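Q: Here's my sequence, what's the structure:
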Amino acid sequence: MHTTYDGEADASYIGLIDNIRSHDMLTAIHHPDGINEWEINVDFDVKGRLVGVEILFAKEGLPAEFIAQCERLA
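A: Have a look, this model is predicted:
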């Protein structure tokens, strides 16, 4: 598992497997009830297995301690 955070996009990604290519994934988008701008994108491989989770507007929904431990992308 690996975690990244992109400060410019305010997005965090939790990758559950290594070496997955974006064209090998299907993404489901979810907007949680009661959270205005938060968006969660859930990535599945072509066999339907969960491979990663992206959280947009991450600073609003994730603990600062989690974001601090993520690999920085920008």
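
Q: For the rest of this, base every contact and every neighbour count on C-alpha atoms.
A: Fine.

Q: Any idea what the closest residue to residue 56 other than its chain neighbours is bridged to?
A: Nearest in space to residue 56, with sequence neighbours left out and distances taken as C-alpha to C-alpha, 6 or more residues apart in numbering, is residue 11 at 4.5 Å. Taking DSSP bridges, one finds residue 6, residue 56 as the beta-bridge partners of residue 11.

Q: Residue 26 now?
A: Using DSSP bridges, the beta-bridge partners of residue 26 come out as residue 44.

Q: low-scoring stretches of this structure, by residue?
A: Regions of the chain meeting the criterion pLDDT under 70 cover residues 20-23, 32-37.

Q: quick one: contacts for the residue nearest the centre of it?
A: Relative to the mean C-alpha position of the chain, the nearest C-alpha, by C-alpha atoms, centre = their mean, is the one of residue 54, at 1.4 Å. When contacts are counted by C-alpha atoms under 8 Å, 6 or more residues apart in numbering, residue 54 touches 11-14, 40-43.

Q: hey, where'd the helices end up in this protein?
A: Using DSSP state H, the helices of the chain run over 58-61, 64-69.

Q: To residue 4, which of those lies closest?
A: Distances from residue 4 to each of these were compared using C-alpha to C-alpha; the shortest belongs to helix 64-69, at 8.1 Å.

Q: Check which residues of that closest one are buried.
A: Going by neighbour count (16 or more other C-alpha atoms under 10 Å), the buried part of helix 64-69 is residue 67.

Q: Double-check residue 59 against residue 9; I have them as touching.
A: No: applying C-alpha atoms under 8 Å, one finds residue 59 not in contact with residue 9, separated by 10.5 Å.

Q: Give me the distance between the closest residue to residue 16 other than its chain neighbours and residue 60.
A: In space, and not counting its chain neighbours, residue 16 is closest to residue 1: 4.5 Å by C-alpha to C-alpha, 6+ apart. Residue 1 sits 23 Å away from residue 60, taking C-alpha to C-alpha, to the nearest Å as the criterion.
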